[in-house]
Each structure stands twice: as structure tokens, then as C-alpha cells.
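K.L.:
mind folding the following:
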Amino acid sequence: MGTSINAQSNENSEYVLAVKSISNILHIRMFDFLLRFNIFFKLSMSAIRERRALKILHDFTDKVIMARREELLSQQIASEKQIGQEDDLGRKKKMALLDVLLQSTIDNKPLTNMDIREEVDTFMFEV
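P.N.:
Below is the predicted model of the structure:
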């Protein structure tokens, strides 16, 4: 994503614990017949844990997106000169996925933070 979070080196970080919690809840829901139904799940303690974990995950992702967006805006002139240019060895400069998403548009409209967060969450959770 173009941002270092050192989550893998710190297994007790809030983000890592939230990912583990969500994984555990999905596993429980998959094997507990009653929790497969939303009406029962919403009444369970797992639903409360899920909301807390999702808030941590979404807040973290939003913070990364906002920080990277501000950094890109402050370096916009420099990055426009470097994007697509070749380095000394003839290789093109590569962009992080988050940078590509921040600069992407659909129907000439930039992606919203929510759109970007969905994509970033997918990649961060899977890694």
C-alpha cells in the first residue's frame, strides 16, 4: 500500500488482534447453525465483537488512506514528473496499489474513500 505498518512483527497490535477476531467470528459463524442466520447472529456476543473489530479495521484503513492522500497531494508535482519515467536502468517507476486507487477515476469521478477502503481492506486482510 506504500505505507509500512509493521503489523507482522507485532502480533499484539490492535490491527492484528482485530483481524484475528474477525477470522475467529467467521469461523464460529460457519460452524454454528443458528449464527448463520442474521437475526440470531445480531443478538449474539459475536456480533458485538464483530462490530468492535470492524471499527478498528475500518478506522485503521481510513487513517492510512487519509495519510497517503495528503502525502500524495503534497508531492503531486514531484510524482507527476516521476510516474511513467524510466530510472537509470530503463525501468519504469512502480506505484503502490493505494496510490493507483487514489488516482483512479470512474466516469471521470475520483473514487470515494469508501470505495478505496473496500479495496484496501480486501488486500490487507488477505495478506
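K.L.:
buried set for the lengthiest helix in the chain?
P.N.:
If you go by DSSP state H, the chain has its longest helix at helix 45-74. Across helix 45-74, burial judged by 16 or more other C-beta atoms under 10 Å covers 46-47, 49-50, 53, 56-57, 60-61, 64-65, 68-69. The way it works is simple: take the backbone N, C-alpha and C, and place the C-beta from them, glycine included.
K.L.:
and stretch 30-49, by the same measure?
P.N.:
35, 41, 44, 46-47, 49.
K.L.:
which outside residues touch that stretch?
P.N.:
21, 25, 28-29 (C-beta atoms under 8 Å, 6 or more residues apart in numbering).
K.L.:
tell me the mean pLDDT for it?
P.N.:
Mean pLDDT, computed over stretch 30-49, is 94.
K.L.:
now do the end-to-end distance for that stretch.
P.N.:
Distance across stretch 30-49, first residue to last, is 16 Å (C-alpha to C-alpha, to the nearest Å).
K.L.:
try stretch 26-35
P.N.:
End-to-end for stretch 26-35, by C-alpha to C-alpha: 10 Å.
K.L.:
buried residues, stretch 111-125. List them.
P.N.:
111, 116-117, 119-120, 124.
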